[in-house]
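Student: I'll drop the sequence and a predicted model, then ask my questions.
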Amino acid sequence: MSKVFSLNSDNEFISPFMDALVAVLSYKGDVNDFRTIQGTDYYSNDDWGTRVEVGPGEEYEGIKLFGTTIVGDKFKQLVDELKSVEDRERIHFFVNRLGLCIVGRIGHPTISAMRINDYFGWSKYGVKLPQDVTKFTVWSRADMHSGETLIDARGMSRAAEEALQRSLEEKSVELAACKKELKEKNVELVVRKKEMEEKEMELVACKKEMEENNVELVACKKGLEEKNVELAACKKELEWSKRIESLQSELMEKKDKEVETMKNQLLAFKDILRSLIDH
């Protein structure tokens, strides 16, 4: 179990130290003086005593006040809040268990007193002041008794105004970026539209060319059919020519045989005549 440092005295103050720690310092004087003295360079560094470092890795890893223990994430939140005050206001920041705040400008040799009511509240960490704490009525806060967060209207208004200004600046940047993008998109749209028109023109030209090719194809088909008809006629005529040549060949052969027969008959007739003449 984590060991915690108990803030049992109103004279014990904590202050952010390094990145994740707090330092516990003891005020040597009468803490009641802070109720009446504010905003003066009155308390010197010599008025502060022993320092104990509290946080992760140290002997004490958290703090305890009025029965409430602050460790782990809650302790980190506390350190971050204390550091944010120092970073924002450029001051050294000290707070005790009652919420009493002591601040001093960074680099200044002395420390000034200032009311915690303007800077800090313990209730967000679950701390509740005992009901019998009355001697510090000036410093006690209603939210610390009830355990509720005190609403700092002025701080919230300033924070809201700053947040609104940041949001407005962010929206202005976004709007400028959107306008730039819209302008680029419009230019791109014009280019795309022109490309589309060119593609449509190419499509019309392709359709026209296809129609012309279809006409040529029909004509070619018709010409091919006519050529097929002519080829069939030629084949038929060739067949007739072959048959005629065959007939002519047969007739020539028959005629040659007849001529040969007549020649033989004529020679025989001559022999008969010669025989008759000799007798």
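Tutor: Good, I have the coordinates.
Student: low-confidence stretches in this protein?
Tutor: Along the chain, segments meeting pLDDT under 70 span 1, 32-46, 85-91, 103-120, 130-161, 279.
Student: helices along that one, start to end?
Tutor: For the chain, the helices defined by DSSP state H occupy 72-89, 142-146, 153-278.
Student: how about the ones you listed, which one is nearest Gly126?
Tutor: helix 72-89 (7.9 Å; CB to CB). Where C-beta positions appear, they are placed from N, C-alpha and C, glycine not excepted.
Student: got the helices of the chain as TSV, with distance to Gly55 columns?
Tutor: Below are the helices of the chain laid out as TSV (distance: least, CB to CB, whole Å):
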stretch	distance to Gly55
helix 72-89	7
helix 142-146	23
helix 153-278	27
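Student: which one of these lies nearest to Lys3?
Tutor: Judging those by CB to CB, what sits closest to Lys3 is helix 72-89, at 12.5 Å.
Student: got the buried residues for the closest one?
Tutor: Buried residues in helix 72-89, counting neighbours by 16 or more other CB atoms under 10 Å, are found at Lys74, Phe75, Leu78, Val79, Glu81, Leu82, Lys83, Val85.
Student: also stretch 244-259?
Tutor: Counting neighbours, the buried set in stretch 244-259 is empty (16+ other CB under 10 Å).
Student: pull the CA atoms of it into PDB?
Tutor: Presented in PDB, the C-alpha positions along stretch 244-259 are these (Å, rounded to 0.1, in the frame of the first residue of the first chain):
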ATOM      1  CA  ILE A 244     -17.300 -31.000-124.100                       C
ATOM      2  CA  GLU A 245     -13.500 -31.600-124.200                       C
ATOM      3  CA  SER A 246     -14.200 -35.300-123.300                       C
ATOM      4  CA  LEU A 247     -16.800 -35.600-126.100                       C
ATOM      5  CA  GLN A 248     -14.500 -33.900-128.600                       C
ATOM      6  CA  SER A 249     -11.700 -36.300-127.600                       C
ATOM      7  CA  GLU A 250     -14.000 -39.300-128.100                       C
ATOM      8  CA  LEU A 251     -15.200 -38.000-131.500                       C
ATOM      9  CA  MET A 252     -11.600 -37.400-132.700                       C
ATOM     10  CA  GLU A 253     -10.600 -40.900-131.600                       C
ATOM     11  CA  LYS A 254     -13.600 -42.400-133.400                       C
ATOM     12  CA  LYS A 255     -12.900 -40.300-136.500                       C
ATOM     13  CA  ASP A 256      -9.200 -41.400-136.500                       C
ATOM     14  CA  LYS A 257     -10.300 -45.100-136.400                       C
ATOM     15  CA  GLU A 258     -12.800 -44.500-139.300                       C
ATOM     16  CA  VAL A 259     -10.000 -42.800-141.400                       C
END
